[in-house]
Structures are given as C-alpha cells and as structure tokens.
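Chemist: no sequence on hand, only this structure:
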C-alpha cells in the first residue's frame, strides 16, 4: 500500500508520512473518558477528530483496529494523591455507587457519540476489567528496577530514564516551575516527577473499589491503565496513540515511561493530539472549556436549544485539529444554516444515470489530498462544495458525496429525506390544523384576540408554527 497520509507527530514535533508497523494494518489507541459526569462538547471535539483520523485510515484502505479505555477507577485530578478522585466525586455528588455512576455515564458518553456519528471503537475496555494486567506490569517494573515501594504505595522511578520528557519537550526545571498548578508534595516520592502505579495508602480511606495485590489491598494509579489495555488488545507495538493536548503531560509522558521500561523497546511511533475547544470567560478572555466551572455545554443542551448534533460535528471539521477552536452560538447558528443548505443541495440531486468516472476520479483525488495533508478537514469540505458547484452530472455528484461522507459522517445523503419525513403531517392532523386556523380566523374577526392567541399557542405546542401573510395564514411543522 502506498503511504500517502501525513500528519503531525507530537513525538518528533513535525509532520511525517505515516508508515505502520505492519503493512496495511493500523493499531490505533484512543484515551477514553473518565465516566464521572457527562462529556462536554470540548471533550467530544477530540473524539470527533480522532474519529476523522480512523475513518480516513479506513477510507484509504487500511485495516484498522481501534481500542479505547474507560476510566472507571483511580483517576485523580492531580499527578498523585493530592487531588480529588473524579469517580469518587461523581458518586458522592449523586449518592450512588462508583459502578452505578460508571455505567450511567459510559452509556451517556456513547449515546452522545452516536448523535455525533462517532464510530464506536472495535474494543472498549473499562479499567476495572484489567486489574491482573496492571499488577503484572507493576511486578515487571519492580523486577527491572524501574519502580519502588515506599509509604505503602508503588512509584515509578523517573530518574532511571534518560529521556522522561521526550513527548512534552520540557526540562525538569521548567516543569517544576509552574507547569502544573497542583504541585505534588508527596513525601514518599524520591523524585518530584515520580508517579504512583498502585495505591495501598491513600488519603481516600472511603475509596469504594479496592483489590488484593502483592503490596496489599489497594487500587491502580491512573496512568497504568492505558499502557496495559493497549498491550492487551494491540500487542507490544502500537502505531498511533490519540488524545487531547492536555494528555501530553503527565499522562502520555508517563505511559511512555512505564510502557517502554516494561517492554524494553519503543512502544508507539505516532502520537496524535487534538487542541482545546475554547470559549470566552466572564472577563472576556478565551479559556479552555471544562467541567470545573460548574455549567458546561453538552450535546443534550445543544439539542434542547434546537441544534442538530451533526451541525456541531461540521463546526469541528471546519477547523484544524491542531488549532484551538472558539465556540459561540452565533457561529453555530451560521453553521446550522450552512448545513441545512448543504444537505438540501445533496438531497435534491438526481442519483439516476451514469457516473462520469473521469470527473469522479478528479474530485476524489482532491478530497484525498486534503485529508492526507495533516487531516485538513476544512479543505476536504471545501472540495465537497467545489464538487457540488462543478459542471458534471447529478449522479456523479451524488456518488462523490456518498463517498466523501464515509469520512465526514455528516449524513449528506440521508439528512434531507429524514428532515422532509419529519415534517410530513398525518392527514387527520392536517384537517385538525386547518380547522383550528379557521376558528382562529373567526376569533380575530370577532376581535376575540385572546382566543386567537390561545389557538396559535396550542398549535405551537404541537410543533405547528403559524405565519400571517398577505396571502393568508401559512403553517409549517418544525
């Protein structure tokens, strides 16, 4: 297979041509959610762009196996035992068990992904399924001298590595001066950058989930799960590891440290990171969207405001994954209008007739070039618009739109028909609407405006909007 795809590799800090370990096959890993709350749309931007990467690889002909973890235990909000356990936080907030919280928010996460046309990974593995794998890796690290036991916990010894900061490109001194706000003051650690592999002594005495281990009753640190889950399902060599830019340090840095120390060889060749979704804070400054502020945007909230979730997907695809993306409702309104026009245009194409193979090949090649140029999804959508404006048969345009949508996943060939079907009205309901319009007309003639307004409001509750025009009353289903 010809290697065409080029994208930015965080490990080398440059755009590289993708060459998999095994020709034609891709071992792909995605850092999954910590299932203690709903995913906000900033989280989901990362999953949309990772979905774009996976679908591009498949569209190019690769056999992709994608694995994702679910963090349902042990995710502290700092690098060690100094923050708040997010799963425990969720359980306390809702007066439920940790596993009840995990099940509910795992289902909610994949429901949101479905609405955004994000493909479910081939393997989804909760951290709580892999305790034996965690223990095995920790034993190996202890045997090789990369870990030590102190104060009841097992720590990874970062001083044993020549290049601990290889992924984040920071020196130790830089990281010790304000890189993390929650500086770890764990007195048990030999080095400030060391991290916990297994807790038996923790400030969380009420930790609900604990397991027996060679070091006592306890639970794993956060970083160990991705290393073990990826190795369990993808083997010792991985092609691409994905995540948000906030995962680069310390999470992915620690994954590389423990994985390569355990295996004794390079673990993953390409690291793919998606930048933040940002919005304006009360001060007017741009800030990363997060759950910590209390109120945060979810897919369900966008739906309540009348937005099709796929419009948000298109909003993300119109920007490059390595750039911060500023969210506003004004931009989303404009995107919604653009999306309606786009699917209406595709939906009205006459798909019957012969496809012009020569013109088909030209635009497919342009679309491929955009995707292979560091996943330039905005340019790929531009190619889509150019194709729809070009001189060629509707059948050719429809075939291209259908092909492009294998990657874009914007429901290009189905949305218009679906929306039209939604707006179809049952004949009996139509007779009722027309009768109520006549009653409203009579009420207005009698100057009974309260009754006329009540009829309008009643119909609006049923999703029927009335519009008074010079030609009479028009109505539509919304």
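Modeler: Structure's in. What do you need? Here the structure is a predicted model, which is why all the values come from computation and not from measurement.

Chemist: ok, which stretches of the stretch 301-450 of the chain are helices?
Modeler: Assigned by DSSP state H, counting those that start in this stretch, the stretch 301-450 of the chain shows helices spanning 309-317, 329-347, 357-372, 377-389, 394-408, 415-423, 427-445, 449-461.

Chemist: swap that for the stretch 101-250 of the chain, sorry
Modeler: For the stretch 101-250 of the chain, the helices defined by DSSP H, counting those that start in this stretch cover 131-143, 172-176, 224-234.

Chemist: pLDDT on the second one, on average?
Modeler: Read that as helix 172-176. Summarised as a single mean, pLDDT over helix 172-176 is 43.

Chemist: low pLDDT regions in the stretch 301-450 of the chain?
Modeler: The stretch 301-450 of the chain contains residues with pLDDT under 70 at 417-425.

Chemist: residues near residue 110, how many?
Modeler: Residue 110 has 16 neighbours, counted by other CB atoms under 10 Å. No exception for glycine: its C-beta is placed from N, CA and C like everyone else's.

Chemist: number of residues surrounding the nearest residue to it once chain neighbours are set aside?
Modeler: Among residues not flanking residue 110 along the chain, residue 120 sits closest, at 6.4 Å (CB to CB, 6 or more residues apart in numbering). When neighbours are counted by other CB under 10 Å, residue 120 registers 12.

Chemist: close enough to count as contact, residue 120 and residue 113?
Modeler: Yes: Residue 120 is within contact range of residue 113, at 6.8 Å (criterion: CB atoms under 8 Å).

Chemist: now do the residue nearest to residue 110 against residue 231, distance only.
Modeler: Residue 120 sits 21 Å away from residue 231 when distances are taken as CB to CB, to the nearest Å.

Chemist: any idea how far residue 22 lies from residue 123?
Modeler: From residue 22 across to residue 123, the span is 17 Å (CB to CB).

Chemist: determine the number of other residues adjacent to the closest residue to residue 452 other than its chain neighbours.
Modeler: Excluding the flanking residues, the one nearest residue 452 by CB to CB, 6+ apart is residue 443, at 4.2 Å. Neighbourhood size, residue 443 [other CB under 10 Å]: 17.

Chemist: cool, residue 352 as well?
Modeler: Around residue 352 there are 9 other residues, counting by other CB under 10 Å.

Chemist: ditto for residue 25
Modeler: Number of residues near residue 25 (other CB under 10 Å) recorded here: 14.

Chemist: list the contacts for it?
Modeler: 62-65 (CB atoms under 8 Å, 6 or more residues apart in numbering).

Chemist: need the buried ones from these selected in PyMOL.
Modeler: This is how PyMOL selects the buried members of those, with burial counted by 16 or more other CB atoms under 10 Å:
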select buried, resi 62+64+65
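
Chemist: nearest to residue 324 among the contacts of residue 25?
Modeler: residue 64 (27.7 Å; CB to CB).

Chemist: what sits against the residue nearest to residue 161 when sequence neighbours are not counted?
Modeler: Nearest non-adjacent residue to residue 161, counting by CB to CB, 6+ apart: residue 257, 5.9 Å away. Counting by CB under 8 Å, 6+ apart, residue 257 touches 156, 158, 161, 164.

Chemist: dump those residues into CSV; add distance to residue 296, pLDDT and neighbour count as well.
Modeler: Supplementary listing: the contacts of residue 257 in CSV, determined by distance: CB to CB, whole Å; pLDDT from 0 to 100; neighbours: other CB atoms under 10 Å:
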residue, distance to residue 296, pLDDT, neighbour count
156, 32, 97, 27
158, 33, 96, 23
161, 37, 95, 16
164, 33, 93, 22
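
Chemist: could I get those residues in CSV, plus columns for distance to residue 132?
Modeler: Shown next, in CSV, are the contacts of residue 257 (distance: CB to CB, whole Å):
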residue, distance to residue 132
156, 19
158, 25
161, 26
164, 27
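
Chemist: among the residues you listed, name the ones in strands.
Modeler: Here DSSP state E is the test, and the contacts of residue 257 give residue 156 as lying in strands.

Chemist: from what I see, residue 48 and residue 314 are in contact.
Modeler: No: using CB under 8 Å as the test, residue 48 is too far from residue 314 to be in contact (9.8 Å).

Chemist: look at these two and report which has more neighbours.
Modeler: Between residue 48 and residue 314, residue 48 has the larger neighbour count (other CB under 10 Å), namely 24 against 21.

Chemist: not counting its neighbours along the chain, what's nearest that one?
Modeler: Distance criterion CB to CB, 6+ apart; nearest residue to residue 48, sequence neighbours excluded, is residue 316 at 4.7 Å.

Chemist: give the burial count for that neighbour, as a bare number.
Modeler: 24.

Chemist: on that earlier part again, mean pLDDT for the helices of the stretch 101-250 of the chain: which is lowest?
Modeler: helix 172-176 (a mean of 43).

Chemist: re the thing from before, so for residue 43, which of the helices of the stretch 301-450 of the chain sits nearest?
Modeler: Relative to residue 43, the nearest member of those by CB to CB is helix 309-317, separated by 11.8 Å.

Chemist: pull the distance from the closest one to the chain's centre.
Modeler: Centroid separation for helix 309-317 versus its chain: 12 Å, with CA atoms, centre = their mean, to the nearest Å.

Chemist: buried residues in that helix?
Modeler: Residues of helix 309-317 classed as buried: 309-317 (neighbour count, 16+ other CB under 10 Å).

Chemist: tell me the one of the residues you listed nearest residue 7?
Modeler: residue 317 (15.2 Å).

Chemist: who's in contact with the closest one?
Modeler: In this structure, residue 317 makes contact with 48, 52, 377-378, 380-381, 408, 410, judged by CB under 8 Å, 6+ apart.

Chemist: start to end distance for stretch 267-279?
Modeler: Using CA to CA, to the nearest Å, the end-to-end distance of stretch 267-279 comes to 36 Å.

Chemist: how far away from the center of its chain is it?
Modeler: Using CA atoms, centre = their mean, the offset of stretch 267-279 from its chain centre is 11 Å.

Chemist: just the mean pLDDT for that stretch, thanks.
Modeler: pLDDT averaged over stretch 267-279 gives 96.

Chemist: equivalent analysis for stretch 28-45, please.
Modeler: 94.

Chemist: and the helices of the stretch 301-450 of the chain: which comes nearest residue 222?
Modeler: Here helix 309-317 is closest among those (CB to CB), at 26.5 Å.
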